[in-house]
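**Q** coordinates only, no sequence provided:
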Ligand SMILES: C[S@@+](CC[C@H](N)C(=O)[O-])C[C@H]1O[C@@H](n2cnc3c(N)ncnc32)[C@H](O)[C@@H]1O
């Protein structure tokens with residue numbers, strides 16, 4: 001863990017996205033407004049400022065696409081502000097016995113969000129077959145030990161459980177990270193083996209090499225971002 005990021009700096013991980021920004025499908029009006037604001041929301045402004053202007057932020061796009069896919073007890077790796085699980089728990093707040101409340105956020109940095117902090121993801125501190133869903137949202141590129149992290153994912157997933165990954169492509173990611181003055185990697189040490197984006201072929205190969213055979217892939221944010229859902233074989 002690095003010592004220079006003990007809690008969330010001001011420009012990033014600010015507040016929760018407003019509820020309207022998580023509504024899917026978006027209204028035609030929202031789609032039009034988002035299209036007009038594409039340079040602002042995709043490049044120039046941090047999420048919370050985009051939301052103030054009623055643009056759908058990139059974090060809202062990720063959350064809106066991933067939240068409906070969560071099932072059972074979840075582990076969110078590279079959880080940042082832990083917003084995904086906070087929203088998952090809020091969605092299931094009427095049922096205190098729901099496994100959402102036994103879900104865990106994990107990170108190598110302590111962003112002040114009640115995550116389990118680990119040195120890396122080579123070994124995950126969880127039992128075999130103990131999660132229904134494991135997520136890598138906008139982070140597998142930042143995890144140099146991604147091969148071991150996926151092997152650990154396979155170990156801790158229950159039979160029939162799923163791994164969810166979102167990732168931008170290599171070229172757009174490299175351009176974006178050069179411009180995104182507000183992104184979290186500007187607030188911590190960056191490992192030399194981190195990548196700034198990963199193409200579909202790279203993600204699919206990693207999943208297949210780990211033994212995930214049932215893989216679904218779809219695009220979002222004009223196909224610049226991709227959602228991958230892969231299932232562990234049922235026993
Ligand atoms: C772009 S942020 C994504 C945060 C969150 N998942 C989201 O969608 O807003 C990338 C996250 O990966 C975390 N990270 C970096 N290296 C990591 C590693 N080796 N293992 C796990 N998480 C890591 C960072 O601390 C950061 O919280």
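**A** Received, thanks. The shown structure was predicted, so the numbers you read here are calculated from the model rather than taken from an experiment.

**Q** which positions in this structure make contact with the ligand?
**A** Applying CB under 6 Å from any ligand atom, one finds that the chain approaches the ligand through 59, 62, 77-80, 107-109, 120-121, 137-139, 142-143, 184. For the C-beta atoms, the positions are set from N, CA and C on the backbone; glycine is no exception.

**Q** among the residues you listed, which are located in strands?
**A** Counting by DSSP state E, the part of the residues of the chain next to the ligand found in strands is 77, 107, 137.

**Q** pairing partners for the last one in the sheet, please.
**A** This points to residue 137. Residue 137 has these beta-bridge partners by DSSP bridges: residue 166.

**Q** what of the second one?
**A** Counting by DSSP bridges, residue 107 forms beta bridges with residue 117.

**Q** on that earlier part again, from the residues of the chain next to the ligand, list the buried ones, please.
**A** Buried members of the residues of the chain next to the ligand, scored by 16 or more other CB atoms under 10 Å, are 59, 62, 77-80, 107-109, 121, 137-139, 142-143, 184.

**Q** so which of those residues is the closest to residue 149?
**A** Distance to residue 149, by CB to CB, is smallest for residue 121 among those, at 3.7 Å.

**Q** need the contact list for the closest residue to that closest one other than its chain neighbours.
**A** The spatial neighbour of residue 121 that comes closest, neighbours along the chain excluded (CB to CB, 6 or more residues apart in numbering), is residue 149 at 3.7 Å. Contact partners of residue 149, counting by CB atoms under 8 Å, 6 or more residues apart in numbering, are 77, 121, 122, 124, 136, 140, 143.

**Q** list just the nearest of the ones in strands among the residues of the chain next to the ligand to the ligand.
**A** Nearest to the ligand among these: residue 137, at 3.9 Å, using CB to the nearest ligand atom.

**Q** check contacts around that closest one.
**A** If a contact means CB under 8 Å, 6+ apart, then residue 137 has 62, 66, 76, 78, 79, 84, 164, 165, 166 as its contacts.

**Q** burial of the last one, as a residue count?
**A** To tie it back to what came earlier, the one meant is residue 166. 22 (other CB atoms under 10 Å).

**Q** test my guess that it contacts residue 221.
**A** No. Contact criterion CB atoms under 8 Å: residue 166 and residue 221 do not qualify, at 9.8 Å.

**Q** the residue nearest to residue 121 - that's part of a helix, no?
**A** Yes. In this structure, residue 149 lies within a helix as judged by DSSP: H, G, I helix; E, B strand; the rest coil.

**Q** give me the pLDDT for it.
**A** At residue 149, the model reports a pLDDT of 98.

**Q** so for stretch 31-48, mean pLDDT?
**A** 96.

**Q** leaving aside the residues next to it on the chain, what's closest to residue 142?
**A** Spatially, and ignoring its direct neighbours in sequence, residue 142 is nearest to residue 194 (5.0 Å; CB to CB, 6+ apart).

**Q** grab the most central residue of the protein for me.
**A** In the chain, the C-alpha nearest the mean C-alpha coordinate belongs to residue 137, at 1.5 Å (CA atoms, centre = their mean).

**Q** just the strands in this structure please.
**A** With strands called from DSSP E, the chain shows them at 74-77, 104-107, 116-117, 131-137, 157-168, 214-220, 225-231.

**Q** which of the residues in the fifth one are buried?
**A** By 16+ other CB under 10 Å, the buried positions in strand 157-168 come out as 157, 158, 161, 162, 163, 164, 165, 166, 167, 168.
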